[in-house]
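Peer 1: Next comes the sequence, and after it the predicted model I'd like to discuss.
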Amino acid sequence: MRADEIIELVISRHEEGSSESIGIQGNLHLEPVLEYGGKMARKAYQSYRKNWHHDRHHCGILDFKIMNSSGKMEHSKLLERSLGVVPIEAVRHVYHGHDPCELGLDDEALSLACEIQCSFIEQEVNWGIHSFQLRTHFGYPDMTNEQLANAVPRDFFMLYFERCANEIGAGASLVEAFQTVAEPQYLPSFVASKMVLMPPISGSGNGRKIRNDFSEFVYSDCSGDSEPWVNQHLERIIRLCNQKGISPYWNRAYE
């Protein structure tokens with residue numbers, strides 16, 4: 001499926017109040033998390049995020065879990081498993097919203113490409129500038145750094161694939177590329193309460209920027225034709241937000 005088709009299915013499940021899973025490929029599926037029932041909603045207004053989301057009344061309304069054969073997907077493990085299996089050209093194909101099944105990949109590579117697609121979709125649906133999304137550094141218009149201001153949410157994960165591909169192309173082994181690029185960014189997250197792959201960003205406030213060692217690998221900056229995937233679905237999502245009402249976690253935080 002194309003990315004827009006999967007996003008439409010996610011929206012439909014939430015409109016219908018259906019927790020029926022969305023099959024993607026093999027054992028890979030998405031599990032809708034309904035009625036502000038997920039971590040995206042619960043943690044949207046905690047800690048430092050409380051200062052960010054006062055005007056965002058519906059954070060987490062479209063939450064879903066990405067479930068693979070080993071359980072819930074994790075970015076760092078997906079990146080590590082994909083290196084040397086999914087060609088960077090295939091990742092770029094997926095980044096542009098196309099169907100991974102069009103690529104003629106073998107079963108292992110196709111399964112991983114579909115997981116990468118789902119990860120991009122999760123970034124695009126749940127992170128952004130709208131009332132139903134958590135704030136992201138990638139595509140936040142108040143950033144003074146043009147790369148971040150003009151980026152799209154899926155650039156966060158794409159950065160790692162692009163830089164790893166560059167390291168491998170320069171002669172690094174798969175292990176060396178992963179250790180150089182990803183391991184230093186696998187850090188504890190206060191909000192997530194676990195280790196996560198963190199964005200390679202330096203600075204503070206709206207003056208943040210992509211770190212120098214990653215700055216040439218912002219794919220939206222290189223390709224010049226990237227758009228947030230939710231743009232074509234906004235009217236429908238806004239109707240859903242109005243139908244479901246303000247998040248109870250927003251009410252608890254600010255009322």
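Peer 2: Here it is on my side, so go on.

Peer 1: The chain: helices as residue ranges?
Peer 2: In the chain, the helices defined using DSSP state H lie at 3-16, 39-42, 49-52, 75-82, 88-95, 107-126, 146-149, 155-169, 174-181, 219-223, 234-244, 248-254.

Peer 1: now those in CSV, with mean pLDDT and mean neighbour count?
Peer 2: C-betas here are computed from N, CA, C, even on glycine. Formatted as CSV, the entries for these read as follows, by pLDDT from 0 to 100; neighbours: other C-beta atoms under 10 Å:
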stretch, mean pLDDT, mean neighbour count
helix 3-16, 98, 18
helix 39-42, 93, 20
helix 49-52, 90, 14
helix 75-82, 94, 19
helix 88-95, 97, 20
helix 107-126, 97, 22
helix 146-149, 94, 17
helix 155-169, 97, 21
helix 174-181, 96, 17
helix 219-223, 88, 16
helix 234-244, 97, 14
helix 248-254, 95, 15
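
Peer 1: Figure out which of the ones you listed is closest to His137.
Peer 2: Closest to His137 of the helices of the chain, according to C-beta to C-beta: helix 146-149, at 5.4 Å.

Peer 1: Which strands and helices lie in contact with the closest one?
Peer 2: For helix 146-149, the elements it packs on are strand 209-210, judged by 3 or more C-beta pairs under 8 Å, 6 or more residues apart in numbering; DSSP states H and E.

Peer 1: helices or strands next to the strand it packs on in the packing?
Peer 2: helix 146-149, strand 201-202.

Peer 1: Let me have the helices of the chain in CSV, extended by distance to Ser202.
Peer 2: Supplementary listing: these in CSV, determined by distance: least, C-beta to C-beta, whole Å:
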stretch, distance to Ser202
helix 3-16, 30
helix 39-42, 26
helix 49-52, 19
helix 75-82, 20
helix 88-95, 24
helix 107-126, 20
helix 146-149, 11
helix 155-169, 14
helix 174-181, 16
helix 219-223, 17
helix 234-244, 32
helix 248-254, 29
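
Peer 1: who wins for proximity to Leu187 among these?
Peer 2: Between Leu187 and the helices of the chain, the tightest spacing by C-beta to C-beta is seen for helix 75-82, at 10.2 Å.

Peer 1: CA-only coordinates of that closest one, as PDB, when you get a sec.
Peer 2: Extracted in PDB, the C-alpha atoms of helix 75-82 (Å, rounded to 0.1, in the frame of the first residue of the first chain):
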ATOM      1  CA  HIS A  75      13.600   2.700  15.600                       C
ATOM      2  CA  SER A  76      17.200   1.700  16.600                       C
ATOM      3  CA  LYS A  77      16.500  -2.000  16.100                       C
ATOM      4  CA  LEU A  78      14.700  -1.400  12.800                       C
ATOM      5  CA  LEU A  79      17.600   0.700  11.500                       C
ATOM      6  CA  GLU A  80      20.200  -1.900  12.600                       C
ATOM      7  CA  ARG A  81      18.300  -4.800  11.000                       C
ATOM      8  CA  SER A  82      17.700  -2.900   7.700                       C
END
